[in-house]
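Chemist: Here you go, sequence then predicted model.
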Amino acid sequence: MSFYEFFYSAIFYILIAIIAIVAIHYVYFLSNRNYWKNRGIFSPDSSLIFGDLPGQVKGNRNIMYDFDDLYKKYKKSHAAIGIFNFRSPRLLVFNTDVIRDIMVKNFKNFPATEFYGKIDGESDPLFGNHMFNQIGEGWKTSRQELSPAFTNTRIKAAHPIMENVVNKMKIYIKNEIAKKDFDGLDAKDLSARYTISVVSNSIYNIDPKTFEGGESELLKVAQKFLAPSKKFMFIFMLNSLYPFLLKHYKFSFSQPGSQKFFFDLMDNSIKHREASGVKCMDYLDHLLTLKQKREISDQALASHGASFLVDGYDTSSTTIAGSLLEIARYKNVQDKLREEINEKMPNDEDFNYDNVQELEYLDQILYESLRMHNPALYLARMCTEDIELELPKDKKVKMVKGDLAYIPVQSIFMDSDYFENPTQFNPDRFSAENGGVKAYMDRGVFFPFGAGPRMCPGNRFAFAQAKYAVASLVKDFELSLNPRSNPNFEVHPNAFILHIQDCYINFKEIKN
Ligand code: HEM
């Protein structure tokens, strides 16, 4: 065979292979198209390849914007619609009663998150054993082990840590202000330095010195953990595209090297605490009690520690950053909060943990910040036991094992049917006269910490540390938005929890 004959026949076979692959994929994608229609559920005529979530599939827009487009288009006419992530069917639920049924009433059928069964417990024991990844007895045990860490007494025991870190934060801000080229502080960076210090001191009894110029290894590792990762999104997408191929493939969520880092950290902290004989009611003490009473493994202890760190530091710092951003933007809100602080704590000695927890307007600010900047952009529940899910008007949809329901949290929290002028930061909507936050929670339209048995166990800890930080800063500084800020920032395309970015705050010390 001459070179040209070989060349042309190779081209021929390559073309045949390409046509075959395209044809197989066409049939593969098409074969699922009636998944929802067969169950009597409306499904938009979406793109065959990109499904209904083109932003996420192309990697150029966060999934919450795709959800929001669908929400605005179909929410008035449908309680839920059937959509496709590539070709994987998902139920996108708009009706808040149906959402509550999924998360609370029918929890038995929908006990799992989107991550369930996807993270490998062996190659990634840190996150493979995380509660998000568990159901059944394993999940119950993890929750029972974590919950006692959040009693009032233990949260209050963390107060000296919060106070110490806040004092360092204030000195840091004053030093920054004194610099000639001071041009505001990044709200998220400032808040992350605070929460990582509180959480690290509480779990490991280690001060990462984030306000003292030191490069914190812990902060870097924690940030790396939660940084939107292209690789993670790619595998996640492959899973939607070829679920049968990846049925037995499991992710490693932890970054290389971080396993050893967290195991050593926990090991050293426990040895150090045991040797010191110190007794205090912090989280490390809780872990030590677990070790003695339940004889849980070192691996499980390290996993609990890492989980507290990763769950606790980023979500809380986003909440603080969101509140600081809005307080800086709306002077009337800031003045009202400072008035509340000065009225309830007129003297410096009155400024303490217990009194700060009594600040009601500050609660309203934090809730309003969680409404507009909720760390959980969306929630998901996986069906593990078939059920006929009830919809309004006596309709039903059959959900089978493995089906996933998406809950578009941010769209609901920004819906003008539930929240008047939703783009307006208005903490008064949560005032006691208006029925408080409870009125919205009871209606099922506001659930910043989730709902049902999987509801966030760390919510009170999160509020306690956020309130102490925000109150301390507003008492001592006047905040304003730095002109280089972009308060209407776009959420990063790969993020699965919110990252507040490009928001800078000017601080001016209030001298009494
Ligand atoms: C303002 C800060 C926080 C927000 C907005 C938040 C939000 C949430 C939400 C929405 C869920 C439910 C997820 C779902 O239903 O799939 C959740 C679960 C969880 N959160 Fe938080 N959280 C915060 C702080 C914390 C803190 C401080 C901790 C612990 C130190 C924590 C630990 C957890 C854990 C372990 C779960 C899983 C519970 C389970 O699956 O049973 N969170 N959080």
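Modeler: Happy to help now that I have it. What you see is a predicted model; the values in this text were computed from it and never measured. Numbers count the residues shown, from 1 in each chain.

Chemist: Could you use CA atoms for every contact and neighbour count after this?
Modeler: Noted.

Chemist: Right, and the ligand sits closest to which residue of the stretch 151-300 of the chain?
Modeler: Residue nearest to the ligand within the stretch 151-300 of the chain (C-alpha to the nearest ligand atom): Val199, separated by 7.9 Å.

Chemist: List, one by one, the residues from this structure near the ligand.
Modeler: The chain comes close to the ligand at residues 113, 131-132, 308, 311-312, 315-316, 319, 375-376, 379, 448-450, 454-459, 461-462, as judged by C-alpha under 6 Å from any ligand atom.

Chemist: now do 5 Å
Modeler: Applying C-alpha under 5 Å from any ligand atom, we find that the chain lies next to the ligand at 131-132, 308, 311-312, 315-316, 449-450, 454-456, 458, 462.

Chemist: now these: which count as buried?
Modeler: Listed as buried from the residues of the chain next to the ligand are 131-132, 308, 311-312, 315-316, 449-450, 454, 458, 462; burial here means 16 or more other C-alpha atoms under 10 Å.

Chemist: just those now: which is nearest Pro392?
Modeler: Nearest to Pro392 out of those is Gly450 (C-alpha to C-alpha; 22.2 Å).

Chemist: How about that closest one, nearest residue that isn't a chain neighbour?
Modeler: Nearest non-adjacent residue to Gly450, counting by C-alpha to C-alpha, 6 or more residues apart in numbering: Cys456, 6.3 Å away.

Chemist: can you pull the pLDDT of that neighbour?
Modeler: We have a pLDDT of 95 for Cys456.

Chemist: about what we covered before: keep only those of the buried ones among the residues of the chain next to the ligand that are in strands.
Modeler: Using DSSP state E to define strands, no part of those is located there.

Chemist: domains in this structure, as residue ranges please.
Modeler: For the chain, automatic domain parsing gives the domain ranges 1-31, 32-509.

Chemist: Please identify the most buried of these.
Modeler: domain 32-509 (a mean of 18; mean count of other C-alpha atoms under 10 Å).

Chemist: Just the endpoints, please. Distance across it?
Modeler: 61 Å (C-alpha to C-alpha, to the nearest Å).

Chemist: Relative to the whole chain's centre, how far out is that domain?
Modeler: 3 Å (C-alpha atoms, centre = their mean, to the nearest Å).

Chemist: Present the buried ones among the residues of the chain next to the ligand as JSON lines; the columns should include distance to Val437.
Modeler: Below are those laid out as JSON lines (distance: C-alpha to C-alpha, whole Å):
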{"residue": "Met131", "distance to Val437": "27"}
{"residue": "Phe132", "distance to Val437": "26"}
{"residue": "Phe308", "distance to Val437": "26"}
{"residue": "Asp311", "distance to Val437": "23"}
{"residue": "Gly312", "distance to Val437": "22"}
{"residue": "Thr315", "distance to Val437": "19"}
{"residue": "Ser316", "distance to Val437": "19"}
{"residue": "Phe449", "distance to Val437": "12"}
{"residue": "Gly450", "distance to Val437": "14"}
{"residue": "Arg454", "distance to Val437": "20"}
{"residue": "Gly458", "distance to Val437": "18"}
{"residue": "Ala462", "distance to Val437": "17"}
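
Chemist: Now intersect the residues you listed with the helices, please.
Modeler: The members of those that map onto helices under DSSP state H are 308, 311-312, 315-316, 462.

Chemist: can you list the residues you listed in a markdown table and add pLDDT?
Modeler: Output for these, formatted as a markdown table (pLDDT from 0 to 100):
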| residue | pLDDT |
| --- | --- |
| Phe308 | 83 |
| Asp311 | 83 |
| Gly312 | 83 |
| Thr315 | 92 |
| Ser316 | 94 |
| Ala462 | 95 |
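
Chemist: who's in contact with Leu287?
Modeler: Leu301 (C-alpha atoms under 8 Å, 6 or more residues apart in numbering).

Chemist: Same question for the one 3 residues further on.
Modeler: By C-alpha under 8 Å, 6+ apart, the residues touching Leu290 are 145, 296.

Chemist: That one sits in which helix or strand?
Modeler: Assessed by DSSP states H and E, Leu290 sits inside helix 283-294.

Chemist: So for that helix, mean pLDDT?
Modeler: Mean predicted confidence for helix 283-294 is 82.

Chemist: Same question for stretch 117-125.
Modeler: Mean predicted confidence for stretch 117-125 is 74.

Chemist: now do stretch 481-496
Modeler: 86.

Chemist: The closest residue to Thr423 other than its chain neighbours and the ligand, how far apart?
Modeler: Leaving aside its sequence neighbours, Thr423 sits nearest to Met414 (C-alpha to C-alpha, 6+ apart; 7.0 Å). Met414 sits at a distance of 16 Å from the ligand (criterion: C-alpha to the nearest ligand atom, to the nearest Å).

Chemist: By mean pLDDT, point me to the weakest helix or strand of this structure.
Modeler: helix 230-241 (a mean of 69; mean pLDDT, DSSP states H and E).

Chemist: Any regions of the stretch 151-300 of the chain where pLDDT drops low?
Modeler: For the stretch 151-300 of the chain, applying pLDDT under 70 flags the ranges 214-215, 225-233, 236, 240, 243-256.

Chemist: can you pull out the strands in this protein?
Modeler: So, for the chain - with DSSP E - the strands run 80-85, 88-93, 185-186, 379-382, 387-391, 395-399, 404-407, 477-481, 504-509.

Chemist: so which of these gets nearest Gly40?
Modeler: Using C-alpha to C-alpha, the nearest of those to Gly40 is strand 395-399, at 7.1 Å.

Chemist: how long is stretch 203-213 from one end to the other?
Modeler: Counting by C-alpha to C-alpha, you get 22 Å between the two ends of stretch 203-213.

Chemist: Columns distance to Leu325 on top of the residues of the chain next to the ligand, output as a markdown table?
Modeler: Shown next, in a markdown table, are the residues of the chain next to the ligand (distance: C-alpha to C-alpha, whole Å):
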| residue | distance to Leu325 |
| --- | --- |
| Met131 | 31 |
| Phe132 | 30 |
| Phe308 | 25 |
| Asp311 | 22 |
| Gly312 | 20 |
| Thr315 | 15 |
| Ser316 | 14 |
| Phe449 | 21 |
| Gly450 | 24 |
| Arg454 | 29 |
| Met455 | 26 |
| Cys456 | 24 |
| Gly458 | 23 |
| Ala462 | 18 |
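
Chemist: any chance you could map the helices in the stretch 1-150 of the chain?
Modeler: Secondary structure of the stretch 1-150 of the chain (DSSP state H, counting those that start in this stretch): helices at 3-30, 54-58, 63-74, 96-100, 125-128, 136-146.

Chemist: for those helices, which one sits closest to Leu481?
Modeler: It is, among these and with distance given as C-alpha to C-alpha, helix 63-74, at 25.7 Å.

Chemist: can you list the residues that contact the closest one?
Modeler: With contacts defined as C-alpha under 8 Å, 6+ apart, helix 63-74 is touched by 52-56, 81, 94, 377-378, 408, 410-411, 493.

Chemist: let's go with 6 Å and repeat that
Modeler: 53, 56, 411 (C-alpha atoms under 6 Å, 6 or more residues apart in numbering).
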